[in-house]
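*Asks:* Structure for the following, please:
(chains A and B)
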Protein chains: 2
Amino acid sequence: MLNVHFSARPDAWAAYEAPLNAAFSEAGLVINLSRDHDPADVDYIIFAPTGPTRDFTPFTRTKAVLSLWAGVETVVDNPTLTQPLCRLVDDSLERGMVEWVVGHTLRHHLGMDSHITGQDGVWRERFPPLAADRLVTVLGIGALGAACAQTLHQLGFPVTGWSRSQKDIPNIRCLAGNAGLKAALTDAEIAILLLPQTPATENILNRETLSLMATGSFIINPGRGPLIDDDALLAALDTGHIAHATLDVFRTEPLPANHPFWAHPQVTVTPHIASTTRPDSASRIIADNIRRGEAGQPFLHLVDRSVGY
Amino acid sequence: MLNVHFSARPDAWAAYEAPLNAAFSEAGLVINLSRDHDPADVDYIIFAPTGPTRDFTPFTRTKAVLSLWAGVETVVDNPTLTQPLCRLVDDSLERGMVEWVVGHTLRHHLGMDSHITGQDGVWRERFPPLAADRLVTVLGIGALGAACAQTLHQLGFPVTGWSRSQKDIPNIRCLAGNAGLKAALTDAEIAILLLPQTPATENILNRETLSLMATGSFIINPGRGPLIDDDALLAALDTGHIAHATLDVFRTEPLPANHPFWAHPQVTVTPHIASTTRPDSASRIIADNIRRGEAGQPFLHLVDRSVGY
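*Replies:* Purely as a prediction, here's the structure:
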């Protein structure tokens, strides 16, 4: 009998209790899943940063902290966390992200908003360019970014991908480093942000980098809020240099009702829905990682503390 | 020297004169392209239904009528047209159609409109289902419909395709005939209309067939206006059985300013922009068909008068 401690919000408990127990039993694990274990008795922690756990010190025999989220930047630097930390890498997360990113890319590419909001009875026969004539840049070409880049390429967009270290992805122009960033953003018409949040990526979209993009271009951010210097973005939207920003993530979430993004006509706020953990598939992935740990196999998706993800 | 007669609207002449002459010369053809030839001297007609030609009788030596449009339903039954008639089949037409169809499918799938039009400062964390859980049906799986169906399949949607005669397309559930139509629409959540306009397809979406679809489903029509019984659609929108219709084509175009589609909050009108002929690529295709005719080769994309397309 293993003790697994669930540390997330009450609504997550409601969503996960049954799927986790089903996945444990499917994996042949005998587990006591609870939110009220004595920390000294806990074998594994299932963890979300919005849950109650801040101090991992009392979890003296815990073998791993299994994140319910793909992003771990809010916990990776917690000095009390000495146990192995695993990110959640879930295919349904990737599928949702691809759908949201491709959908909003096509929305801006096709100029849909003018039709959705401008039904004034006037027939304006303006044709959008083809995807082949629309330059798209994806900042961050890890698992999620590469999946989005590939799908956009299949739709006909010429796609440039940028990452800190050089990658090689078929059909994608892959750039890296500081000089590569400048080249990746120069003349880009749609920029999609899927970088991890690290000290090196904070404010990567700022006054200078925004100015490199094509006039009338679009920003799509399903990555992390701090990747963008909000004031620089608002200024570029006000001059029209950036035509529109569709933002799913923010420095503070929920985005406060009085934040200028809500009221700006050239900003679309979506409430961190681009990609979400689906309880059924996430539960199976977590159960499999516990099974691996108990069988002496290495954990999957172990976080490398030196790079932060 | 061949005489090629251009019969389309003045704005088409402005767009096509230079690309056509460039394509003729690239194909090694010596051609006098004009809008003012004596009909008795014309070797080929480049034709759009919005142009001046109604009576093909005086074009006594014309070897073929080369349509600038993919759809030929407004001319195919013209009794004076005895010359071979060729449709325009252009890859850029297909690319544009796929982009528009996939974009609006993802828009409705993701529920984008509530974010685009409802920026009220309230953070509503509602997640859309994954594409894998959204049933899409494409009515009409010719070249354009099959291309859309394949791309939607690649994005994860389960796709059913329906056509008059049975087709076989990898990864698409292909149905045919009247019983197949009922099965294709039953429980469909997004229906995409890409059928040709024929007597057999007029009003194919009517009160009865609309009622088969899932409650809260979506209609996307980039095909032909008369495929839909407008009054039946408006009634289904008013009850909420159909959540939204995005329509690019209409019985009368431009759609009159007083048509109820413009004012209906659950209808998005787009001005016949889903797919368009691009002058450069279309000119090369037309030049190639003239070259084939002069070389004694069969014309490409010859219309079969017995089926109407």
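*Asks:* Report whether the expected contact of A:Leu237 with A:Phe261 is present.
*Replies:* No - applying CB atoms under 8 Å as the test, A:Leu237 and A:Phe261 come out as separate, 9.6 Å apart. Glycine gets a C-beta too; all of them are placed from N, C-alpha and C.
*Asks:* Spit out the residues that contact these two alike.
*Replies:* A:Ala245, A:Val267 (CB atoms under 8 Å, 6 or more residues apart in numbering or on different chains).
*Asks:* Get me the contact residues on the stretch 151-300 of chain A for chain B.
*Replies:* A:151, A:154-156, A:253-255, A:257-258, A:262-263, A:267-273, A:276, A:278 (CB under 8 Å from any CB of the partner chain).
*Asks:* Give me the buried subset of those.
*Replies:* Neighbour counting with 16 or more other CB atoms under 10 Å in any protein chain shown marks A:151, A:155-156, A:255, A:262, A:267-273, A:276, A:278 as buried within those.
*Asks:* which helix of chain A spans the most residues?
*Replies:* helix A:91-110 (DSSP state H).
*Asks:* Does A:Phe218 have any beta-bridge partners, and if so which?
*Replies:* A:Ile190, A:His244 (DSSP bridges).
*Asks:* How about the contacts made by it?
*Replies:* A:His108, A:Glu189, A:Ile190, A:Ala191, A:Ile242, A:Ala243, A:His244, A:Ala245, A:Thr246.
*Asks:* Okay, strands next: where are they in the stretch 151-300 of chain A?
*Replies:* Under the criterion DSSP state E, counting those that start in this stretch, strands of the stretch 151-300 of chain A are mapped to A:159-163, A:173-176, A:190-193, A:217-221, A:242-247, A:267-269.
*Asks:* one step back: so what does the longest helix of chain A touch, helix or strand wise?
*Replies:* Helices and strands in packing contact with helix A:91-110 are listed as helix A:143-154, strand A:190-193, strand A:217-221, strand A:242-247, helix A:279-294, helix B:91-110, helix B:112-117; criterion 3 or more CB pairs under 8 Å, 6 or more residues apart in numbering or on different chains; DSSP states H and E.
*Asks:* For the fourth one, give me every contacting residue.
*Replies:* Outside of strand A:242-247, the residues that reach it under the criterion CB under 8 Å, 6+ apart are A:104, A:107-108, A:113, A:210, A:213, A:216-221, A:225, A:228, A:233, A:236-237, A:261, A:266-270.
*Asks:* Separate out the buried members of the contacts of A:Phe218.
*Replies:* Buried among the contacts of A:Phe218 (16+ other CB under 10 Å): A:His108, A:Glu189, A:Ile190, A:Ala191, A:Ile242, A:Ala243, A:His244, A:Ala245, A:Thr246.
*Asks:* between the residues you listed, which is nearest chain B?
*Replies:* A:Thr246 (8.2 Å; CB to the nearest CB).
*Asks:* Could you report the distance from the nearest residue in space to that closest one that is not next to it in sequence to B:His115?
*Replies:* Computed as CB to CB, 6 or more residues apart in numbering or on different chains, the closest residue to A:Thr246 that is not its neighbour in sequence is A:Thr268, at 4.4 Å. Computed as CB to CB, to the nearest Å, the A:Thr268 to B:His115 distance reads 6 Å.
*Asks:* try A:Pro260
*Replies:* 17 Å.
*Asks:* the more surrounded of the two?
*Replies:* Neighbours were counted for A:Pro260 and for B:His115 using other CB atoms under 10 Å in any protein chain shown; B:His115 has more, 18 against 11.
*Asks:* does the more buried one really touch A:Val269, like I thought?
*Replies:* Yes - using CB under 8 Å, B:His115 is in contact with A:Val269, at 7.0 Å.
*Asks:* give me the number of residues near A:Arg207?
*Replies:* 13.
*Asks:* Contacts only, for it.
*Replies:* A:Arg207 neighbours (CB under 8 Å, 6+ apart): A:Asp229, A:Ala232, A:Ala235, A:Ala236.
*Asks:* cool, and A:Leu29?
*Replies:* Counting by CB under 8 Å, 6+ apart, A:Leu29 touches A:Leu2, A:Ala287, A:Ile290, A:Arg291, A:Glu294.
*Asks:* One more: A:Gln154?
*Replies:* Counting by CB under 8 Å, 6+ apart, A:Gln154 touches B:Thr151, B:Gln154.
*Asks:* That one and B:Ala22: what is the separation?
*Replies:* From A:Gln154 to B:Ala22 the distance is 31 Å (CB to CB).
*Asks:* A:Leu66 belongs to a helix, doesn't it?
*Replies:* No - under DSSP: H, G, I helix; E, B strand; the rest coil, A:Leu66 falls outside any helix and is assigned strand.
*Asks:* give me the number of residues near it?
*Replies:* 25.
*Asks:* my guess is it meets A:Ile46, correct?
*Replies:* Yes - between A:Leu66 and A:Ile46 there is a contact at 5.2 Å, judged by CB under 8 Å.
*Asks:* Give the intersection of the neighbour lists for those two.
*Replies:* A:Ile286.
*Asks:* Contacts only, for the one residue sitting closest to the centre of chain A.
*Replies:* Residue closest to the mean C-alpha point of chain A, counted by CA atoms, centre = their mean, is A:Gly223 at 4.1 Å. A:Gly223 makes contact with A:Leu139, A:Gly140, A:Leu193, A:Leu194, A:Leu195, A:Pro196, A:Gln197, A:Val249 under the criterion CB under 8 Å, 6+ apart.
*Asks:* Looking at the residues you listed, which is nearest A:Ala183?
*Replies:* Set against A:Ala183, the nearest of the contacts of A:Gly223 by CB to CB is A:Leu139 (12.2 Å).
*Asks:* Give me the neighbour count for the closest one.
*Replies:* 26.
*Asks:* thought it was touching A:Ala191?
*Replies:* Yes - the criterion here is CB under 8 Å, and A:Leu139 meets it with A:Ala191 at 6.5 Å.
*Asks:* Now do the shared contacts for these two.
*Replies:* Applying CB under 8 Å, 6+ apart, one finds that A:Leu139 and A:Ala191 are jointly contacted by A:Leu205.
*Asks:* how close does the residue nearest to A:Ala131 when sequence neighbours are not counted sit to A:Asp133?
*Replies:* Excluding its sequence neighbours, the residue lying closest to A:Ala131 (CB to CB, 6+ apart) is A:Gly156, at 3.7 Å. A:Gly156 is 9 Å from A:Asp133, where distance means CB to CB.
*Asks:* Then A:Leu144?
*Replies:* In terms of CB to CB, A:Leu144 sits 26 Å off from A:Asp133.
*Asks:* ok, now which ones touch the closest residue to A:Leu93 other than its chain neighbours?
*Replies:* Excluding the flanking residues, the one nearest A:Leu93 by CB to CB, 6+ apart is A:Ser275, at 5.0 Å. Listed by CB under 8 Å, 6+ apart, the contact set of A:Ser275 reads A:Ala70, A:Leu93, A:Glu94, A:Gly96, A:Met97, A:Trp100, A:Leu144, A:Pro222.
*Asks:* Please convert those residues to CSV, extending it with pLDDT.
*Replies:* Compiled in CSV, these are given as follows (pLDDT from 0 to 100):
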residue, pLDDT
A:Ala70, 81
A:Leu93, 87
A:Glu94, 91
A:Gly96, 95
A:Met97, 96
A:Trp100, 98
A:Leu144, 93
A:Pro222, 98
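*Asks:* how about the residues you listed, which pair is most distant?
*Replies:* A:Ala70 and A:Trp100, at 13.9 Å, using CB to CB across those.
*Asks:* more neighbours, the two?
*Replies:* A:Trp100 (25 against 21).
*Asks:* Now for that one: which residues touch it?
*Replies:* A:Pro222, A:Asp248, A:Thr270, A:Ile273, A:Ala274, A:Ser275, B:Leu110.
*Asks:* do that again at 7 Å, thanks
*Replies:* A:Trp100 makes contacts with A:Pro222, A:Ala274, A:Ser275, B:Leu110, as judged by CB atoms under 7 Å, 6 or more residues apart in numbering or on different chains.
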